[in-house]
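**Student:** The sequence isn't on hand, but the structure is:
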């Protein structure tokens, strides 16, 4: 029970800092999961992808509903980034 409360507190602090700074979730989440919550590094990286991805989807949805997103530009930018990431991983 204590570890769940600690995880919730750490998550809230990371969320607060991301909200104020606007990005860099994995740079904070992975060390917190490894050093504060005792996860192994591989599990922490995978968990971080889910955690940061879920937060990104929520934030994007809220901004899209508010009319702050240029959807065409965002999709083009995202697609180019994904293709380049795949190419970089293959190299």
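**Tutor:** Great, that's in hand. Remember, it's a predicted structure, so these values are computed and weren't measured experimentally. Numbers count the residues shown, from 1 in each chain.
**Student:** low-confidence ranges in the chain?
**Tutor:** Applying pLDDT under 70 to the chain flags the ranges 23.
**Student:** which residues in it form helices?
**Tutor:** 2-21, 25-31, 41-65, 71-90 (DSSP state H).
**Student:** Please enumerate residues in contact with the first one?
**Tutor:** The one in question is helix 2-21. 24, 25, 28, 29, 32, 36, 37, 51, 55 (CB atoms under 8 Å, 6 or more residues apart in numbering). No exception for glycine: its C-beta is placed from N, CA and C like everyone else's.
**Student:** Identify the residue nearest the last one in space, chain neighbours excluded?
**Tutor:** Nearest-residue entry for residue 55: residue 25, 6.5 Å, with adjacent residues in sequence omitted and distances by CB to CB, 6 or more residues apart in numbering.
**Student:** Can I get the helices of the chain in a markdown table including mean neighbour count?
**Tutor:** A markdown table is the format used below for the helices of the chain (neighbours: other CB atoms under 10 Å):
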| stretch | mean neighbour count |
| --- | --- |
| helix 2-21 | 12 |
| helix 25-31 | 17 |
| helix 41-65 | 13 |
| helix 71-90 | 10 |
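**Student:** Taking the centroid of this structure, which residue is nearest it?
**Tutor:** By CA atoms, centre = their mean, the mean C-alpha position of the chain lies nearest to residue 52, the distance being 1.7 Å.
**Student:** what's the closest non-adjacent residue to it?
**Tutor:** What sits nearest to residue 52 in space, not counting adjacent residues and going by CB to CB, 6+ apart, is residue 25, at 3.7 Å.
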